[in-house]
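> sequence unknown, structure follows:
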């Protein structure tokens, strides 16, 4: 009997040992999207598997970190692996979560953190050749690469960051375009009609202005004569609003290309697999109800469909463009770049080079250098940016070095949708971005202070003047409200978690909301009452034109926002074929540019929702023309 019990004890000990040798432990870290949880499997004192149990990171941006960090930890049995450039917060969250899980497993965490990481043996090329070379893997660069690929050209895209997408992947994802099918469902109210009438009544400042006004009048007269229902719109009206909205500073020929190709660009995106909401709205600062919202989080859908055509094998990340190569005739024939290991890489372009590296909102030195318009007192380090860290003006400098002319460099835009913690366009509700008809802006005193459907620069100027430069975007349980327990923010984050982290305030009553904001309840109630009266009368003290919803009931949601540097309208001068021009207006052969790296399109104020149209329309043109 004792022998039998001994055997049972031995078996039990063996089973316990096996369980201990292969057990699972969880740990938590904090990424860009909040809590990130992992589960690690430990066998014989080693981490053999890492599973990401839950997270709220943005698809596309975080993917490289999820793909690389766990494998590197397991391969090296080390927590000293490098973060993935462009996905630093997700990388660090993974490392923190694995460290916590390792501690729970009883592993020697200090030893794991001290363990050396063996560099992977990679031999990088010193010279490559393609028909088209694209510098920058954001929206414009990948649109160009997609169009060039569809034209039959071989393409190499280089990107200095560790992830693709640039600024485009973290944008609001909204796209402006006239769309008769969707706009016929939208009311053409008297206040909206007055926008058209006012623009047509304005004294023209030039012959081309008068010609465009005449084209819009012909479109509008036809709309009236046909007894059309729904919202009036046309490519000409879109062009006129864009040009007027930029203070008539932009090159009107470029504006017309944007407006005339917006709907074909939308159809092109759909052919690639993009999906949009079937309800048209008015994006923040877009000035009209022609905004299409992507069904994917932020700008991820655009990057996803472009990459499906371009192919990841044709995109070299962690590869920085350094300078352009010109031959003896003055033609741009390639790019000098730096490989991930710091070695030199020469990329020859047999047909053309496209620069699409974005603007310079994340470059404080350049912001201060070109902040000469008088619009903004300072744009130093104290002003945050909504932009990705890599948006530092590299392509502008590269082009200038080979003689490209720069235009509108002083035109810098701020946006009122930055969160007060890091400036990111994160943790706002969907209506904050494209439900302008159903929200109001209030300051810390609970008072409205600006026209919510107005220009971005006007709103930001007014916002900066408010207490602490902070406002709350206030919405009610009316209209297109979603239960806060089910609501996701514009970047796909649960609203209740955003509330717990301080991004959103949620209250059942307006009195409770006033307490959370820290303002007088009577003042906030009077503000809401006054706005509701304006909705009924379609006449507003701040000049607002767009109304659809009175604010009458809870739950109430308030989202704190600040003004941040968002877009630089200046850059490389191009013609309507996206060819880069020198100071004399001559084409620099072989060199094209598209997206925010260019100047001349948006003038002194970019309309909300026009940046994506810009990178789609001009990125596509650049890719097609470079491939010829």
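Looks like it arrived, so ask away. Remember, predicted model here, so these are calculated numbers, not experimental data.

> now do the residue nearest the centre of the chain, the pLDDT please.
For the chain, the residue sitting closest to the mean C-alpha position, by CA atoms, centre = their mean, is residue 171 at 1.4 Å. You'll see residue 171 listed with a pLDDT of 89.

> over to the one 10 residues further on?
On the pLDDT scale, residue 181 is placed at 95.

> list the contacts of it.
Under the criterion of CB atoms under 8 Å, 6 or more residues apart in numbering, residue 181 has no contact partners. (Glycine included, C-beta is placed from N, CA and C.)

> so it sits in a strand?
No. The assignment for residue 181 is helix, going by DSSP: H, G, I helix; E, B strand; the rest coil, so no strand is present there.

> quick one: stretch 492-508 to chain centroid distance?
When distances are taken as CA atoms, centre = their mean, to the nearest Å, stretch 492-508 is centred 21 Å away from the chain's centroid.

> next, the distance between the ends of that stretch.
Across its full length, stretch 492-508 reaches 23 Å between end residues, using CA to CA, to the nearest Å.

> quick one: buried residues of it?
With burial defined by 16 or more other CB atoms under 10 Å, the residues of stretch 492-508 counted as buried are 492, 493, 494, 495, 497, 498, 499, 503, 504, 505, 506, 507.

> over to stretch 102-122?
Taking 16+ other CB under 10 Å as the neighbour-count basis, stretch 102-122 is seen to contain the buried residues 102, 105, 107, 112, 115.

> same question for stretch 398-409.
When neighbours are counted by 16+ other CB under 10 Å, the buried residues of stretch 398-409 are found to be 398, 399, 402, 403, 404, 405, 406, 407, 408, 409.

> ok, which pair from the buried residues of stretch 102-122 is furthest apart?
Farthest pair in the buried residues of stretch 102-122 (CB to CB) is 105 and 115. Separation: 15.6 Å.

> could you pull out the helices in the stretch 451-600 of the chain for me?
In order along the chain, the stretch 451-600 of the chain carries the following helices (DSSP state H, counting those that start in this stretch): 456-464, 495-500, 510-517, 521-537.

> quick revisit: which single one of the buried residues of stretch 102-122 is nearest to residue 518?
Nearest to residue 518 out of the buried residues of stretch 102-122 is residue 102 (CB to CB; 42.4 Å).

> what sits up against whichever helix or strand the closest one is part of?
Per DSSP states H and E, residue 102 falls inside helix 88-104. Residues outside helix 88-104 that contact it (CB under 8 Å, 6+ apart): 25-32, 36-40, 42, 47, 50, 52, 55, 57, 61-62, 65-66, 69-70, 73, 79, 81-84, 109, 112-113.

> please, a ChimeraX command that selects the buried ones among those residues?
Restricted to buried positions by 16+ other CB under 10 Å, the ChimeraX selection for the contacts of helix 88-104 reads:
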select :25,27,29,31,32,36,37,38,39,40,42,47,50,52,55,57,61,62,65,66,69,70,73,79,81,83,84,112
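
> tell me which of the contacts of helix 88-104 fall in strands.
25-31, 36-40, 42, 47, 50, 52 (DSSP state E).

> ok, of these, which one's closest to residue 523?
Of all the ones in strands among the contacts of helix 88-104, residue 523 sits closest to residue 30, with 36.1 Å by CB to CB.

> what residues are up against that closest one?
Going by CB under 8 Å, 6+ apart, residue 30 touches 36, 93, 96.

> how close does the last one sit to residue 361?
If I follow you right, that is residue 96. Counting by CB to CB, to the nearest Å, the separation of residue 96 from residue 361 is 29 Å.

> compare the two (neighbour count), which wins?
Neighbour totals were compared for residue 96 and residue 361, and residue 361 leads with 30 against 18 (other CB atoms under 10 Å).

> show me what contacts the more buried one?
167, 367, 385, 386, 387, 391, 412, 565, 566, 567, 568.

> then residue 146?
Remark: with contacts taken as CB under 8 Å, 6+ apart, residue 146 is in contact with 272, 306, 309, 310, 619, 620, 623.

> one more time with 10 Å
Shown in contact with residue 146 (CB atoms under 10 Å, 6 or more residues apart in numbering): 134, 155, 268, 272, 305-310, 616, 619-620, 623.

> how about stretch 561-579: buried residues?
For stretch 561-579, using 16+ other CB under 10 Å, the buried residues are 561-575, 578-579.

> do a quick rundown of the strands in the stretch 351-500 of the chain.
In the stretch 351-500 of the chain, the segments counted as strands under DSSP state E, counting those that start in this stretch are 406-407, 412-418, 440-442, 471-475.

> run the chain-centre distance for the longest one.
Right, the one you point to is strand 412-418. Computed by CA atoms, centre = their mean, the separation of strand 412-418 from the middle of its chain amounts to 12 Å.

> give me the angle between that strand and strand 471-475.
Interaxial angle of strand 412-418 relative to strand 471-475 (axes from the mean of the first three to the mean of the last three CA atoms, to 10 degrees): 50 degrees.

> strand partners of strand 412-418, parallel vs antiparallel please.
For strand 412-418, the pairing partners within the sheet under DSSP bridges are strand 556-568 (antiparallel).

> name the SS class of residue 345, please.
Assigned with three-state DSSP, residue 345 falls in the strand class.
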